[in-house]
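Novice: Any chance you can model this:
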Amino acid sequence: MGKFQALLTPLKRKLFLEGFIQKLIQFWMAASIIGLAVVLLSKIIFLPDALIFVFSVFGLAFLLATVYSFLKQPKWQEAARVADTLGGKERMVTALELLKKQELSKIERMAVADGISVGGQIDFSKKYRMRLPKKPFQCMVLFIILTMATGFLPSPREEKAEIYAKAKLEQVEKVIKEVEQDEKLSAEEKKLLQKEMKGLAKELKRVASKEAGETAIQKEQQQLKKLEKDSVSKDLKQLAQEFAKQELTAPIAEAAEKGDANAIESAMAKLQEQLNQLTKEQLSALGQQMATAASRMTNEELAKALEQLAKAVADGTVSSEQLEQLKSQLTAQSTQNAQLRKALQDANKQLGEAQMQQPCENGQCEAPQSGQGQGQGQGQGQGQGQGQGQGQGQGQGQGQGGSGEGRGTGHIEGEEIFTRKASDKADYDTQVSGAKNEGGDSSLTQEKTIGEEGERLPYEQVFYNYQNEAMKALDEQNTPYGMRQLVSDYFSTLEK
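Specialist: As a prediction, this is how the structure comes out:
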């Protein structure tokens, strides 16, 4: 049997190839019809993955044709039958049937020997001409050509979206390269950052409008800020949660929540200056707060430093060594994942700068428009700035202008202001009215009814509540990094 099958093996393989090609043409013809339909649809509705889908359909068709061909591959009986049509003259089928018997007679053995002899003299594989389905093949080629031609039709994707996405993708690639070259980052940290940037790049390639691209950038900025917060040690987060309850320790809470070593040192120095001005009740409350924070620490050295300082504060015997010890422990905690936070901040900053830029369209770049605004704010300070937009406006406590730079006196030493209450947000009415005149000027009017005032406290004791609420509100929204930085700088100016 083995010698006989060896004679038919080349023919059997050729029959298998013929069946595979026939099925492949049939499956690819169906795939080309589906592909043409998808490409046509993508010219009406923006489908970012249309090309990938088409190639996937053809790949699936190839896989199905292969599997089907193996399941339906020709048997030895079929190969023998075809061989007989090529000159075997029934000898091959007869020999195959006789070889299935266990014992052969003399005549049967002669018949088998005759079949093997004929098979050795004729090259059945060479004589066989494969048959291909011409019409399905022609239809497949036609549909493929139509699909390729349809691909040159204009896309429904907005031109601004393509320009915007291209500009932002360049920024993303720049961030990825900088992360890869940063030797201070670990392999895991690089992988985390690159994963975020590659995910953003994939989404930018899919956006159908410029607005969708801007939203994708803002969402990624929020995610980077979240990762930045998550990288701060658990002890610093617990301490920030406790210290945020009092205005006196709010600056330390803000610095600890960010894991900012410089800000921690500055906040500790300010606390040291204020300790001599506190009453016994305030010192007692501060000591209790530090003791509560110490009970939540997992780091023994940090917990010990807090406990010692809590006791000294309550007793009114605080020493510079105790404050320095706590500062050192907090600074040490802030070094955990510090390089990762810096890389996240740098990436966020670059995305923010890219967000503020105006991409060029058709070789022309939009120049930012200019406008002016004036306003008078609380604390007897005056400020002026320049921003985007046209027209001028003025109003009590509010300046017209998108963004800009300004200076003001901030606040008066010893000044007292009211704390915020929820009732203060009630009965608030704002009205913008006035049409532009020939000079382009318009008026702005704001009105606010008097609500219930909070407690009147020194400026320094209330300032950080306003600052923290403003920054937290920005964190909870999809605020561009650049705008968030402007607000942060504004409060830093007021603090001086």
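Novice: which residues sit in contact with the residue sitting furthest away from the middle of the chain?
Specialist: Checked against the mean C-alpha position of the chain, the extreme residue using Cα atoms, centre = their mean is residue 106, at a distance of 80.7 Å. If a contact means Cβ atoms under 8 Å, 6 or more residues apart in numbering, then residue 106 has no contacts. Every C-beta, even on glycine, is put in place using the N, C-alpha and C of the backbone.
Novice: got it, and residue 328?
Specialist: residue 305.
Novice: hey, where'd the helices end up in the stretch 51-200 of the chain?
Specialist: Ranges of helices within the stretch 51-200 of the chain are 76-83, 91-99, 106-121, 124-127, 134-150, 159-181, 187-204, based on DSSP state H, counting those that start in this stretch.
Novice: For residue 48, which of those helices is the nearest?
Specialist: Among the helices of the stretch 51-200 of the chain, the nearest to residue 48 by Cβ to Cβ is helix 187-204 (9.3 Å).
Novice: circling back to that earlier point, quick one, which of the helices of the stretch 51-200 of the chain gets closest to residue 308.
Specialist: Closest among the helices of the stretch 51-200 of the chain, using Cβ to Cβ: helix 187-204, at 34.6 Å.
Novice: That closest one: what's the following helix or strand?
Specialist: Counting by DSSP states H and E, the next helix or strand C-terminal to helix 187-204 is helix 210-230.
Novice: Quick one: mean pLDDT for that next one?
Specialist: Averaged across helix 210-230, pLDDT comes to 90.
Novice: Run the chain-centre distance for it.
Specialist: 7 Å (Cα atoms, centre = their mean, to the nearest Å).
Novice: Take the helices of the stretch 51-200 of the chain and lay them out in a markdown table including mean pLDDT and distance to residue 311.
Specialist: Converted to a markdown table, those look like this (pLDDT from 0 to 100; distance: least, Cβ to Cβ, whole Å):
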| stretch | mean pLDDT | distance to residue 311 |
| --- | --- | --- |
| helix 76-83 | 92 | 95 |
| helix 91-99 | 89 | 101 |
| helix 106-121 | 88 | 104 |
| helix 124-127 | 91 | 97 |
| helix 134-150 | 90 | 79 |
| helix 159-181 | 89 | 45 |
| helix 187-204 | 92 | 39 |
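Novice: can you list those in JSON lines and add distance to residue 316?
Specialist: Shown next, in JSON lines, are the helices of the stretch 51-200 of the chain (distance: least, Cβ to Cβ, whole Å):
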{"stretch": "helix 76-83", "distance to residue 316": "103"}
{"stretch": "helix 91-99", "distance to residue 316": "109"}
{"stretch": "helix 106-121", "distance to residue 316": "112"}
{"stretch": "helix 124-127", "distance to residue 316": "105"}
{"stretch": "helix 134-150", "distance to residue 316": "83"}
{"stretch": "helix 159-181", "distance to residue 316": "50"}
{"stretch": "helix 187-204", "distance to residue 316": "45"}
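Novice: so which of those comes closest to residue 55?
Specialist: helix 134-150 (11.0 Å).
Novice: List the buried residues of the closest one.
Specialist: Buried positions in helix 134-150, judged by neighbour count with 16 or more other Cβ atoms under 10 Å: 136-137, 140, 143-144, 146-147, 150.
Novice: just checking, residue 144 touches residue 34?
Specialist: No: taking contacts as Cβ atoms under 8 Å, residue 144 lies outside contact range of residue 34: 11.7 Å.
Novice: can you map out the strands along this structure?
Specialist: 360-361, 364-365, 371-377, 381-387, 392-396, 398-399, 416-418, 428-431, 445-448, 456-458 (DSSP state E).
Novice: Okay, now the unreliable bits of the stretch 301-450 of the chain?
Specialist: 354-450 (pLDDT under 70).
Novice: re the thing from before, now the buried residues of helix 134-150 as TSV including distance to residue 8?
Specialist: What follows is the buried residues of helix 134-150, written out as TSV (distance: Cβ to Cβ, whole Å):
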residue	distance to residue 8
136	29
137	28
140	31
143	37
144	36
146	42
147	41
150	47
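Novice: quick one on the thing from earlier: identify whichever of the helices of the stretch 51-200 of the chain lies nearest to residue 301.
Specialist: Between residue 301 and these, the tightest spacing by Cβ to Cβ is seen for helix 187-204, at 25.5 Å.
Novice: Now that closest one: buried residues?
Specialist: 189-190, 192-193, 196-197, 200-201, 203-204.
Novice: Compute the inter-axis angle for it and helix 159-181.
Specialist: Here the directions of helix 187-204 and helix 159-181 differ by 170 degrees (axes from the mean of the first three to the mean of the last three Cα atoms, to 10 degrees).
Novice: ok, residues contacting helix 187-204?
Specialist: Counting by Cβ under 8 Å, 6+ apart, 165, 168-169, 172-173, 175-176, 179-180, 182, 185, 213, 216-217, 220, 223-224, 227, 337, 339-340, 343-344, 347 sit against helix 187-204.
Novice: Kindly calculate the angle that it makes with helix 210-230.
Specialist: 160 degrees.
Novice: Run through who's touching stretch 145-160.
Specialist: 32, 35-36, 39-40, 42-46, 51, 54, 208-210, 359, 361.
Novice: Any chance of a ChimeraX selection covering the buried ones in the residues you listed?
Specialist: This is how ChimeraX selects the buried members of those, with burial counted by 16+ other Cβ under 10 Å:
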select :32,35,36,39,42,43,46,54,208,210,359
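Novice: just to revisit the earlier point, the helices of the stretch 51-200 of the chain: which one's closest to residue 280?
Specialist: Here helix 187-204 is closest among these (Cβ to Cβ), at 47.5 Å.
Novice: Ramachandran angles for residue 48?
Specialist: The phi and psi values for residue 48, taken as degrees, to the nearest 10, are phi -60, psi -30.
Novice: And for residue 186?
Specialist: Reported as degrees, to the nearest 10, the phi and psi values for residue 186 are phi -80, psi 170.
Novice: Number of residues surrounding residue 10?
Specialist: Neighbour count for residue 10, taken as other Cβ atoms under 10 Å: 15.
Novice: ok, now which ones touch the residue lying closest to it once chain neighbours are set aside?
Specialist: Excluding the flanking residues, the one nearest residue 10 by Cβ to Cβ, 6 or more residues apart in numbering is residue 125, at 3.6 Å. Residues in contact with residue 125 (Cβ under 8 Å, 6+ apart) are 10-11, 13-14.
Novice: Dump the residues you listed into JSON lines; add distance to residue 2 and pLDDT as well.
Specialist: As requested, the contacts of residue 125 are exported to JSON lines (distance: Cβ to Cβ, whole Å; pLDDT from 0 to 100):
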{"residue": "10", "distance to residue 2": "15", "pLDDT": "92"}
{"residue": "11", "distance to residue 2": "16", "pLDDT": "93"}
{"residue": "13", "distance to residue 2": "16", "pLDDT": "94"}
{"residue": "14", "distance to residue 2": "20", "pLDDT": "94"}
